[in-house]
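Chemist: build me a model:
(one chain, ligands or ions: 1)
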Amino acid sequence: MSKHIGAQMLEFSQKGDERGHLVIVEGMEDIPFEIKRIFYIYGSDKEVIRGQHANKKSEFLLINVAGTSKVKVRDGKGNEAVFSLNRPHTGIYLPRMVWKDMYEFSEDSVLLCLSSEHYDSTEYIRDYNEFVKLVNEEEAG
Ligand code: TYD
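Modeler: Have a look, this model is predicted:
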């Protein structure tokens, strides 16, 4: 199902030794875009649902570098998938034009987000019905 959606779990190389772990994520090497922006989310309660939007342009890579959370992805065509983020060397790749909800944050959750674009509020779609409409318009060409 996730294949239809285009979201994909990725596993990154770890350079672990007796000093600890080091995980590497390089733009266009380990993920399919150049990184223009990073931000991170922490201190969200378990009941909180974040995200609740789609992006016209931005692609994302989400990694729980500490703690855990879940991401529900919807493609606006009836397909959805839930991913658990629970290991610091794995992340979920989110293409443009998918609806995402992030939720069930553990108390120690630090959710690192890498993005292909600088922040631009006008490329955020925050109304689900509008998102479905735009998906259908893109489908129709
Ligand atoms: P929001 O998109 O609601 O966060 P999330 O989807 O991750 O729950 O963003 C919260 C606020 O921060 C909102 O006012 C927009 C602002 N913001 C920026 O200014 N730059 C950014 O890169 C991001 C992600 C958010």
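Chemist: show me what contacts residue 103?
Modeler: Residue 103 sits next to 48-50, 69-70, 72 when contact means C-beta atoms under 8 Å, 6 or more residues apart in numbering. All C-beta atoms are positioned from the backbone trio N, CA, C, and that covers glycine.
Chemist: may I ask which of these has the most neighbours?
Modeler: The most crowded member of those, judged by other C-beta atoms under 10 Å, is residue 69 (23 neighbours).
Chemist: now do the buried residues in the lengthiest helix in the chain.
Modeler: Longest among the helix segments of the chain by residue count, using DSSP state H, is helix 128-140. Neighbour-count burial for helix 128-140 flags 131-132, 134-135 (criterion: 16 or more other C-beta atoms under 10 Å).
Chemist: ok, which pair from those is furthest apart?
Modeler: Distance extremes for the buried residues of helix 128-140: the farthest pair is 132 and 134 at 7.5 Å, using C-beta to C-beta.
Chemist: overlap of the contact sets of those two?
Modeler: By C-beta under 8 Å, 6+ apart, residue 132 and residue 134 have these common neighbours: residue 76.
Chemist: who in the chain is up against the ligand?
Modeler: Neighbours of the ligand within the chain, by C-beta under 6 Å from any ligand atom: 37, 39, 41, 50-51, 53, 119.
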